[in-house]
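1. Generate coordinates for the sequence data below:
(one chain, ligands or ions: 1)
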Amino acid sequence: MNAGTSRNAEVTPTTRWEADWWRSGVVYQIYPRSFADGNSDGVGDIAGITSRLPYLHKLGVDAVWLNPWYLSPLADGGYDVADYRQIDPRFGSLQDAEDLIKKAADMGIRVIVDIVPNHVSDQHPWFKAALASEPGSEERSRFWFHDGRDGDPTHMPTNWLSSFRGNTWTRTTNADGSPGQWYLHLFTPEQPDLNWNHPEVRTEHEEILKFWFDRGAAGVRVDSAVLIIKDPSLPDDPTLLDNPPPDASQPFVDLDEIHEVYQSWRTIADSYDPPRIIVGEVWLPDTNRFAAYLGSNEMHTAFNFDFMTRAWDPSELHSSITATLAAHAPVNAPATWVLSNHDVTRPVTRYGRTDTSFAFEKKRFGTPTDLVLGTRRARAAFLLCAALPGSLYIYQGDELGLPENEELPREVIEDPMYFRSEGVDPGRDGCRVPLPWEDDPKSNYGFSSEASSEQPWMPQPAWWGEYAVSRQEEDPQSMLWFYREALRLRREIEDFHGNDFEWCEDLPESCLGFRRGKVMCIVNFGQHEVPLLDLPILFSSEPVADSIGSDIAVWFTHRSTGEAGPKNKGV
Ligand code: NOJ
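-> Numbering: from 1, shown residues only. Just a heads-up that it's a prediction; the model follows:
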């Protein structure tokens, strides 16, 4: 079926409830503050999410992953948790959360919650107690409090740098106003790092897991999963030396002792019926170190950032897909395919640039972007991802083809990445703008449930209505229809569910192609059209006639193994 003729058939949830759903499932990421605002106060909330469950059901997702919804001062968008057992009142109540989990389950949608083990909010009772206690106290030992280095109280304990830029230590002030010890925060000072050598830190997190699993959460997404254990001798970071030794590693990244933590979590997850799942935020360049987090006794899956950050280029993506599949096979874990999330530039924007790769340190204001090109590539990229073996993640709004909003006035920016870079990095607010549901600015483009609502917490651009769900519902060529149809086919075609995967060789250099059983996916990244295969077309990212145009992906059905191979008309 071609791009223009999709039929968006009804979704039957019961077909999506197999035990191993996470091996090929589709997970939709919800940033609660920006998804839908049920009480019209300008902030997204659980009531809004609940009201939009039919939309998610129709889209055809197996699960949702919710960014943190816990009590939080929102110094880092909720990744500064003050209480894991309470929902932030701006988002609703614990009862609302439980109701959402139940209602979603009734529609065949599982809920994955976010767990942030590396740090808490500086408003967490543990940290408040630590600040109020003496150096060396039990209260302080749950964190990394330290005197200044080499007996110099003004000198930071280590040279470690934050991935949010800047230092990782903040000096405290004693009750009498004099300067006190330092404490460690790999992110902002409002996010003090926990000391995972403290047994209570471990048991507390195990209890938090049970708290949410008992309430029906289908799993957890583990934030900053590779950072939780630090070398307790607090050495300097050797990778920051002028000539770092080749085997230099950071004393707070991916320490071997981490694995016992997630293994104990897996035991807890497996003790539930059905077993709960663990998805890790594992940013590691070494695919073997990455795969060490996966398998039957540790995490079920982890985000494939290698793939997500690669340029729109056939050899780049070929090498990433090959390395990904090779790393996952020995641990019998499914790969994940991710085009974006709440931290990175939206795909239609990124793919519309000269440099289509992603790296935090490269983000700048005013990068020229061709959104028509970016959108065309984002459609092809989605079809490519949806055809690969493993699970698939969709960040809210990507199914609408939303661009990054790069027109945010500087005075509304909230993201600490912007401030810590002293305004050089635009930050991550541009992909967190409240979603457009209706083409009507009065209700914040349908984000808020009523017309007489408060302004949204982050302003929406004047052109937001063009992307509204209501507009796209009426247009079978829209990104929304395209996503639904791709997901429907992915669900219905058995060949997409297993692990079968074989590269198609002998394609032009500009193309990437592979077979999954009887389905074949071919993407043309080049400037020139390539002739079509003489095979039935299942679906394509743009309408195709006799050739595959630039930046188009096509799904074909090919003959079964044993029959004569495809008649190759040139591709
Ligand atoms: C990764 C999360 O995705 C990001 O949003 C957050 O700022 C950091 N971890 C710190 O929790």
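
2. isn't residue 508 right up against residue 527?
-> No - counting by Cβ atoms under 8 Å, residue 508 does not reach residue 527; the two are 11.5 Å apart. Every C-beta, even on glycine, is put in place using the N, C-alpha and C of the backbone.

3. who's more crowded, those two?
-> Higher neighbour count among residue 508 and residue 527: residue 508, with 16 against 9, using other Cβ atoms under 10 Å.

4. partner residues bridging the residue lying closest to that one once chain neighbours are set aside?
-> Nearest residue to residue 508, sequence neighbours excluded (Cβ to Cβ, 6 or more residues apart in numbering): residue 530, at 5.5 Å. For residue 530, the beta-bridge partners are residue 548 (DSSP bridges).

5. Any idea how many residues pack against residue 530?
-> Residues near residue 530, counting by other Cβ under 10 Å: 20.

6. do you know how far it is from residue 58?
-> Per Cβ to Cβ, to the nearest Å, residue 530 is found 34 Å from residue 58.

7. what's the answer for residue 432, then?
-> For residue 432 relative to residue 58 (Cβ to Cβ), the value is 24 Å.

8. Looking at these two now, which is surrounded by more residues?
-> Legend: neighbour count by other Cβ under 10 Å for residue 432 and residue 58, higher for residue 432 (24 against 16).

9. Within the helices and strands, which one has the closest residue to the more buried one other than its chain neighbours?
-> Distance criterion Cβ to Cβ, 6+ apart; nearest residue to residue 432, sequence neighbours excluded, is residue 34 at 5.2 Å. Assigned by DSSP states H and E, residue 34 belongs to helix 32-35.

10. Show me what that helix is packed against.
-> Using 3 or more Cβ pairs under 8 Å, 6 or more residues apart in numbering; DSSP states H and E as the contact test, the elements touching helix 32-35 are helix 46-51.

11. for the helix it packs on, packing partners?
-> Right, helix 46-51 is packed against helix 32-35, helix 94-106 by 3+ Cβ pairs under 8 Å, 6+ apart.

12. Pull the distance from that helix to the chain's centre.
-> Distance, stretch centre to chain centre, for helix 46-51: 20 Å (Cα atoms, centre = their mean, to the nearest Å).

13. Now that helix - C-alpha only, PDB.
-> Coordinates of each C-alpha in helix 46-51 appear next as PDB, following Å, rounded to 0.1, in the frame of the first residue of the first chain:
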ATOM      1  CA  ILE A  46      -2.700  13.200  34.200                       C
ATOM      2  CA  ALA A  47      -6.300  14.200  33.500                       C
ATOM      3  CA  GLY A  48      -5.100  15.400  30.100                       C
ATOM      4  CA  ILE A  49      -3.200  12.200  29.400                       C
ATOM      5  CA  THR A  50      -6.300  10.100  30.400                       C
ATOM      6  CA  SER A  51      -8.500  12.100  28.200                       C
END
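
14. does the residue nearest the centre of the chain count as helix, strand or coil?
-> Nearest to the mean C-alpha position of the chain, by Cα atoms, centre = their mean, lies residue 341 at 3.9 Å. Classification of residue 341 by DSSP: H, G, I helix; E, B strand; the rest coil places it in coil.

15. Just the closest residue of this protein to the ligand, please.
-> residue 79 (3.3 Å; Cβ to the nearest ligand atom).

16. how deep is that residue tucked in, by neighbour count?
-> Counted with other Cβ under 10 Å, residue 79 comes out at 26.

17. And it, how close does it get to residue 343?
-> Residue 79 is 10 Å from residue 343, where distance means Cβ to Cβ.

18. Residue 271 now?
-> From residue 271 over to residue 343 (counting by Cβ to Cβ), the distance is 32 Å.

19. These two: which has the busier surroundings?
-> Neighbours of residue 271 and residue 343, each counted by other Cβ under 10 Å, are more numerous for residue 343; the result is 18 against 11.

20. can you pull the contacts of the more buried one?
-> Applying Cβ atoms under 8 Å, 6 or more residues apart in numbering to residue 343 gives the contacts 360, 428, 431.

21. Repeat that for residue 62.
-> 16, 21, 25, 26, 27, 108, 109, 110.

22. Leaving out chain neighbours, which residue sits closest to residue 166?
-> Leaving aside its sequence neighbours, residue 166 sits nearest to residue 420 (Cβ to Cβ, 6+ apart; 5.0 Å).

23. before we move on, the earlier item: any residues touching the helix holding residue 34, and which ones?
-> With Cβ under 8 Å, 6+ apart, helix 32-35 has contacts from 43-46, 48-49, 52, 66-67, 69, 74, 77-78, 90-91, 396, 432-435, 447, 457-458.

24. Could you do stretch 193-212 as well?
-> So stretch 193-212 is contacted by 84-85, 113, 115, 117-120, 141-144, 183-186, 220, 227-230, 232, 261, 264-265, 268-269, 276 (Cβ under 8 Å, 6+ apart).

25. for stretch 494-514, same thing?
-> 23-24, 314, 317-318, 321-322, 325, 329, 384, 386-389, 489-490, 515-528, 530, 548, 568, 571.

26. Ok, stretch 129-145 next?
-> With contacts defined as Cβ under 8 Å, 6+ apart, stretch 129-145 is touched by 126-127, 147, 172, 175, 180-184, 192-195, 198, 200-201, 230, 234.

27. give me that answer again for 7 Å
-> Residues outside stretch 129-145 that contact it (Cβ atoms under 7 Å, 6 or more residues apart in numbering) are 126-127, 172, 181, 183-184, 192-195, 198, 200-201, 230.
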